[in-house]
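Chemist: model the following, please.
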Amino acid sequence: MKTDSVLSFRAKGVVLSAVLGGFLFGYDTGVINGCLLVLGDEGTNWDVTDQQKELIVSSAIWACAVGALISGPLNSITGRKVTLMSGAAILTVASLIMAVSTDWKMLVAGRALDGIAIGFVSMTGPLYIAEQLPGDWRGPATVCYQLMITIGIFAGGIIAGIFAPVQAGWRWMLGLSCIPSTAMFILFIFMPRSVRWLYFKEDVAGARTILTQLRTTSEEVDTEMAAIKEDYERVKADKELGGTGCTVLINMFKNVAVRRALVLGIALQLFQQLSGINSVMYYSSTILEMAGTSPRMAIWLSCIVSTANVAFTFIGLYGVERAGRKILLLGSMLVMVMGLSLLGFSFVIMDLSKKSMPVEFSSGDSVCTVPEGAWKSCYNCLEIPECRVCEDGEGIIHCLPDNATALIEATCGADADVRKECKTSESWLAVMGLTLYIMGFAPGMGPLPWTINSEIFPNWARDTALCITTFTNWLGNSIISQTFLTLSKAAGRPGAFFTYAAVALVGMAYFFVFLPETKGISLEKTDELFRSRKTFIGFQPLQQTKEGEEEVEEEGS
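Modeler: Numbering: from 1, shown residues only. Prediction:
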């Protein structure tokens, strides 16, 4: 991190409290990944289908989108602090509901409540950090928020691995999140309200008092208060800035700078999701199981992916103020394309291997059969949804119905390892592809959509704009999570990952042209970039424009 100012003790408390929301966001992602593999294993006979699993995952994500929409007006009315405390309280209740679920429908209800709270936290956490910290700490601190998401994902994976062998372990996996959510609620009791929110609510004295606690010198306080005052007076003087409810939305779309920033913000969040990140994070254990590893081993191998996610986020923490946002984002997406391509090619190779891998079909079985004269391969066996494979003591692989317990025990033994996939020697390629993808995502495309979105909107539009962009993120997230298993069957597993790679390439081209460098520019000045320019080809930070130049661009747009 390269910063000129020093963080006060109070400002450090702000960061610590807010990033706990990131941890909860990540834990929710990481733990459901392992939970899906052992759901209902204590004898409840839930018999959860792929579609129901997709609903369990996506219910929280659709609810996150709703939570993000609600959090916009909630932030405007009650402030950032109250919104974050509400999210923490709801998360605690939701985790307990999930832990005691009696069927998959109750689990979906708990996940939906959990999602609303995550929607509050994911929108408000980066916003609260950006508004409370000095400009040169804004980037590193919002990357810290993403770092805590990755640590939460890692912790969720470890907890899933520990509790997977335990009867009803999935209940512990989901219920333990009540501990950090309760801690977050308690910490926020002692945290200050947003300086800018207070000023725009006309509590100038309260805003100055809090800013004095958050800055280390009186010069910093005076300079920042003057900038906030100038922005506040500009909004008050111009009837086409600010407003409430539908008025602020109308004014946002009428204002050329905000409109351009909003399109960019939506694109950042959409491309983050549509390039497949949550297919990897929610389903990494499932992807590794597809590659031929056992469910327990898949859970632990997914921890390698989570470890890479944590480790490489530190590159973003170091580079966001040194290299800048734009070059870090584009480099990140390039490595993501490489990882997704390797993942796609690994499944091409594994599918070819499975097509040449012989298996024995039981002569007395009418379910797992192939046409007369057809090659009896592992691939043909697993094309039949009701069929699984197991290996006998002599190393021969058998294709048998999943529910034929007696036949499986008679053929492969009482302790048979029944799998949905065949073991292949190429499965390490899938682990490499997943890890390379995360190595690219973690330092750039993970944190920067949140960082940039918290910077590019003026104070009067920030709540509503972040509400829209965060909703877009969760909308893309829900589309990906609810369609991954279906897409991998319809387009083939290689086709799914090649599709995500193509989307990431389109995103790279778009951001090369339309993304400005916001490093080192104050929150009150970033919207000037969009008033003066339509495109931003290149990587150098732009100089803040003069008032006259802004007016010319406004009139010509």
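
Chemist: in the helix or strand hosting L84, what's buried?
Modeler: Following DSSP states H and E, one finds L84 within helix 80-99. Under the neighbour-count criterion of 16 or more other C-beta atoms under 10 Å, helix 80-99 has 80-81, 83-92, 94-95, 97-99 buried. From N, CA and C alone the C-beta is placed, and that goes for glycine too.

Chemist: cool, and stretch 350-365?
Modeler: Applying 16+ other C-beta under 10 Å to stretch 350-365 flags 350-351, 353-354, 357, 359, 362 as buried.

Chemist: same thing with stretch 484-499?
Modeler: 484-485, 487-488, 493-499.

Chemist: if I look at the closest residue to Y199 other than its chain neighbours, how far off is S76?
Modeler: Distances taken as C-beta to C-beta, 6 or more residues apart in numbering put A207 closest to Y199, at 4.2 Å, once the chain neighbours are dropped. Distance of A207 to S76, computed by C-beta to C-beta, to the nearest Å: 16 Å.

Chemist: one more: K525?
Modeler: Counting by C-beta to C-beta - K525 and S76 are separated by 22 Å.

Chemist: okay, the residue most central in space within the chain: pLDDT?
Modeler: Centroid check for the chain by C-alpha atoms, centre = their mean gives N278 as the closest residue, at 6.4 Å. Among the per-residue scores, N278 holds a pLDDT of 74.

Chemist: could you do S285 as well?
Modeler: So S285 comes in at 62 (pLDDT).

Chemist: in CSV: the buried residues of stretch 350-365, plus secondary structure.
Modeler: Formatted as CSV, the buried residues of stretch 350-365 follow (DSSP: H, G, I helix; E, B strand; the rest coil):
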residue, secondary structure
M350, helix
D351, helix
S353, helix
K354, helix
M357, coil
V359, coil
S362, coil
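
Chemist: excluding chain neighbours, what is closest to L55?
Modeler: In space, L55 is closest to V108, 6.0 Å off (C-beta to C-beta, 6+ apart).

Chemist: kindly provide the whole-number mean pLDDT of the helix or strand hosting that neighbour.
Modeler: Assigned by DSSP H and E, V108 belongs to helix 104-132. Averaged over helix 104-132, pLDDT sits at 91.

Chemist: which elements pack onto that helix?
Modeler: helix 9-38, helix 50-78, helix 80-99, helix 135-163, helix 195-200, helix 448-453, helix 459-490 (3 or more C-beta pairs under 8 Å, 6 or more residues apart in numbering; DSSP states H and E).

Chemist: make CSV out of those helices and add mean pLDDT and distance to M432.
Modeler: Below are the helices and strands packed on helix 104-132 laid out as CSV (pLDDT from 0 to 100; distance: least, C-beta to C-beta, whole Å):
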stretch, mean pLDDT, distance to M432
helix 9-38, 86, 19
helix 50-78, 85, 25
helix 80-99, 95, 33
helix 135-163, 84, 18
helix 195-200, 91, 45
helix 448-453, 90, 25
helix 459-490, 83, 19
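
Chemist: low-confidence regions, the stretch 151-300 of the chain specifically.
Modeler: 238-245, 281-300 (pLDDT under 70).

Chemist: all strands for it, in order.
Modeler: Along the stretch 151-300 of the chain, no segments are classed as strands by DSSP state E, counting those that start in this stretch.

Chemist: quick one: the helices in it?
Modeler: Remark: helices of the stretch 151-300 of the chain, listed N- to C-terminal, are 169-175, 178-189, 195-200, 204-214, 218-237, 246-254, 256-274, 277-290, 295-319; assignment by DSSP state H, counting those that start in this stretch.

Chemist: return the most buried member of these.
Modeler: Mean neighbour counts were taken over the helices of the stretch 151-300 of the chain using mean count of other C-beta atoms under 10 Å, and the top value, a mean of 25, falls to helix 277-290.

Chemist: residues contacting the closest residue to E224 other than its chain neighbours?
Modeler: By the measure of C-beta to C-beta, 6+ apart, the closest residue to E224 outside its immediate chain neighbours is L211, 6.2 Å from it. Applying C-beta atoms under 8 Å, 6 or more residues apart in numbering to L211 gives the contacts 195, 221, 224-225.

Chemist: swap the cut-off to 10 Å and go again
Modeler: 132, 192, 195-196, 198-199, 220-222, 224-225, 228 (C-beta atoms under 10 Å, 6 or more residues apart in numbering).

Chemist: quick check: the two most widely separated of the residues you listed?
Modeler: P192 and D222 (18.6 Å; C-beta to C-beta).

Chemist: what's the farthest-apart pair in the buried residues of stretch 484-499?
Modeler: Among the buried residues of stretch 484-499, L485 and F498 lie farthest apart (C-beta to C-beta), at 16.7 Å.
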